[in-house]
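[1] sequence first, then the predicted structure:
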Amino acid sequence: MPALTQHLDRVFGALADPTRRAILARLAQGEATVNELVAPFALSQPTISKHLKVLEHAGLVSRGREAQFRPVRLEAAPLEGAAQWIGDFRRFWGESFDRLDSYVRDLKQKETRHARKPKRR
């Protein structure tokens, strides 16, 4: 399996869980300790630590060490690859909607031309 595919699998796997997404949203506001990340959840510290390991494995967070303080930081760069992958589908849907819009316009023009023709008796 190519490295990019494995990387996307890890990122999307990490993002699949609502708790991990909430952790990332919190870290987008700034670094935090594990205890600070535990506070808003009805989960234990070991459970949050397991979520952080998944996020670390995906490259979405890093843990520092400053004396006794061990901040967790958001690493947003891996999200760029995921956004690019999703963007390819956005282009696909945009093009599909453009074709549909063109088709609807053609139908409306035909309908208008058909409505103008006098009815035969």
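    Happy to help now that I have it.

[2] mind listing what residue 43 touches?
    Neighbouring residues of residue 43 by Cβ atoms under 8 Å, 6 or more residues apart in numbering: residue 19. For glycine as for every other residue, the C-beta is placed from the backbone atoms N, C-alpha and C.

[3] that one looks like it's in a strand, true?
    No. Secondary structure of residue 43 (DSSP: H, G, I helix; E, B strand; the rest coil): coil, not part of a strand.

[4] for the nearest residue to residue 64 once chain neighbours are set aside, report the pLDDT, please.
    Spatial nearest neighbour of residue 64, excluding adjacent residues (Cβ to Cβ, 6 or more residues apart in numbering): residue 71 at 4.8 Å. Here the pLDDT value assigned to residue 71 is 93.

[5] distance of residue 71 from residue 87?
    31 Å (Cβ to Cβ, to the nearest Å).

[6] what about the helices in this protein?
    All helices of the chain, identified by DSSP state H, fall at 3-15, 18-27, 34-38, 45-57, 77-116.

[7] helices or strands up against the second one?
    Spelled out, that is helix 18-27. Under the contact criterion of 3 or more Cβ pairs under 8 Å, 6 or more residues apart in numbering; DSSP states H and E, helix 18-27 touches helix 3-15, helix 34-38, helix 45-57, strand 61-63, strand 72-74.

[8] quick check: mean pLDDT of that helix?
    The pLDDT scores in helix 18-27 average 96.

[9] likewise the shortest one?
    Along helix 34-38, the predicted local confidence has a mean pLDDT of 92.

[10] buried residues in it?
    37, 38 (16 or more other Cβ atoms under 10 Å).

[11] list of residues touching that helix?
    Contacts for helix 34-38 (Cβ under 8 Å, 6+ apart): 23, 26, 27, 44, 45, 48, 49, 52, 70, 72.

[12] what's the neighbour count on the residue nearest to residue 64?
    16 (other Cβ atoms under 10 Å).

[13] over to residue 96?
    10.

[14] try residue 14
    When neighbours are defined as other Cβ under 10 Å, residue 14 has 24 of them.

[15] who are the neighbours in contact with it?
    When contacts are taken as Cβ under 8 Å, 6+ apart, residue 14 is in contact with 20, 54, 55, 57, 58, 60.
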